[in-house]
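Engineer: Everything below, folded, please.
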Amino acid sequence: MPAHRRETLHPERSTARTHAGAQAAPTRTIHVIGVPLDLGASRRGVDMGPSAVRVAGLEARLEALGHHVTDGGNIRVEIAETQAAGDKKARYLKQIAETCKRTAEAVEKALEEGLTPMVLGGDHSIAAGTVSGVAEFYRRKGQKIGLLWIDAHSDINTPDTTPSGNVHGMPLAALLGLGPEALTNIYGFAPKVAAENAVLIAVRDIDGAERENIRRAGMTEVYTMRDIDERGMRTVMEEALRAAGRGTAGYHVSMDMDWIDPEDAPGVGTPVRGGATYREAHLAMEIIADHGRMVSFEVVEVNPVIDEHNRTADLAVQLACSVFGKKIL
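Structural biologist: Residues are numbered from 1 along each chain as shown. Okay, the predicted model is just below:
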């Protein structure tokens, strides 16, 4: 079976629990870190994503759930107008890597202080920094982490395979040890996440070379939108969480807002038709909350320039509330 498809249901392995039996989400101190980077993409505007999410009431709505929220402000980033793009196969890689190192340090520091990092992007290249910081914190404790990569795209290109040169299509490759080296070697070790603990969810736009990179990396837990259509979000999420949690201290959740259909999330960096519905997205977050093993969270690719009345940022905040424990009843 190709590594990028999982068609077979295994009901005998199911450990799904009903929402009625889920434990109440613990109170957390959530530390918000903005990374207003848009050097990794062709379309501009996602640098305003952190502000849009904050304006949508992130802090107040999380605190209404009983959490304490602190905001560390934004990581310093360079802007395209002041920089040379460099290699056309990985544009602005040097500047992106520097931003990712600063992000990693901020995330690691938050975890050291007992906080739950919530990173606001920016384009998805920032995840190379976020996950590196989480992985380094747990590596020093002799533990490893899992990764849920929730995205319309697999983001597993390298400079050798990219058709665009956009680094926001490379962070998962970097975290799995495929490159580019400037992102792969943050903190001097690779991979940041073992392939068996890295899970792709909701993908529907994968480049030809990325299919081979998925196989090269050894990933087997890849759930396309067809899997969600055929098998349902609950089955997919339960299997994904088991894989990400197997032998790990917990998992980081990296959510690109383009995983949701543009009908509900129009303001994203790279929209693709046929994504998750509003309710499917909330269900996924609610199931993550029920399991209680998320150690950090990020939301990326909110683009207010092409949004409608901040709808996408507002949905991002709603989903953040769900993943941090908001329930219907």
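Engineer: got the residue ranges for the strands in this structure?
Structural biologist: Using DSSP state E, the strands of the chain run over 29-35, 68-74, 116-121, 146-150, 198-203, 222-224, 251-256, 294-300.
Engineer: could I get the ones you listed as CSV with mean neighbour count and mean pLDDT?
Structural biologist: C-beta here means a position set from N, CA and C on the backbone, and glycine is covered the same way. Formatted as CSV, those follow (neighbours: other CB atoms under 10 Å; pLDDT from 0 to 100):
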stretch, mean neighbour count, mean pLDDT
strand 29-35, 24, 98
strand 68-74, 15, 98
strand 116-121, 27, 98
strand 146-150, 28, 98
strand 198-203, 26, 98
strand 222-224, 23, 98
strand 251-256, 27, 98
strand 294-300, 25, 98
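Engineer: and of those strands, who's closest to Met237?
Structural biologist: For these, distance to Met237 was read as CB to CB. The smallest value, 7.6 Å, belongs to strand 198-203.
Engineer: before we move on, back to that, okay, the strands of the chain in a markdown table with distance to Val268 next?
Structural biologist: Converted to a markdown table, the strands of the chain look like this (distance: least, CB to CB, whole Å):
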| stretch | distance to Val268 |
| --- | --- |
| strand 29-35 | 16 |
| strand 68-74 | 20 |
| strand 116-121 | 11 |
| strand 146-150 | 13 |
| strand 198-203 | 13 |
| strand 222-224 | 18 |
| strand 251-256 | 8 |
| strand 294-300 | 9 |
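Engineer: can you tell me which of those comes nearest to Ala240?
Structural biologist: Here strand 198-203 is closest among these (CB to CB), at 4.4 Å.
Engineer: Could I get the CA-only coordinates of that closest one as CSV?
Structural biologist: Provided in CSV are the C-alpha atoms of strand 198-203 (Å, rounded to 0.1, in the frame of the first residue of the first chain):
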residue,chain,number,x,y,z
ALA,A,198,4.5,12.3,12.6
VAL,A,199,1.0,12.4,11.2
LEU,A,200,-0.4,14.3,8.2
ILE,A,201,-4.1,15.1,8.3
ALA,A,202,-6.5,16.5,5.7
VAL,A,203,-4.0,16.7,2.9
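Engineer: Check which helices and strands that strand sits against.
Structural biologist: Packed against strand 198-203 by the contact rule (3 or more CB pairs under 8 Å, 6 or more residues apart in numbering; DSSP states H and E) you find strand 146-150, helix 171-175, strand 222-224, helix 225-231, helix 233-245.
Engineer: Starting from it, tell me which strands it pairs with and how they run.
Structural biologist: Paired neighbours of strand 198-203 in the sheet (DSSP bridges): strand 146-150 (parallel), strand 222-224 (parallel).
Engineer: From the chain's centre, how far out is stretch 260-272? Work that out for me.
Structural biologist: Centre-to-centre, stretch 260-272 and its host chain are 15 Å apart (CA atoms, centre = their mean, to the nearest Å).
Engineer: Looking at the helices and strands packed on strand 198-203, which one is packed in the most?
Structural biologist: Of all the helices and strands packed on strand 198-203, helix 171-175 carries the top mean neighbour count, a mean of 30, counting by mean count of other CB atoms under 10 Å.
Engineer: circling back to that earlier point, can you lay out the helices and strands packed on strand 198-203 as CSV showing distance to Thr103?
Structural biologist: Below are these laid out as CSV (distance: least, CB to CB, whole Å):
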stretch, distance to Thr103
strand 146-150, 16
helix 171-175, 11
strand 222-224, 26
helix 225-231, 29
helix 233-245, 21
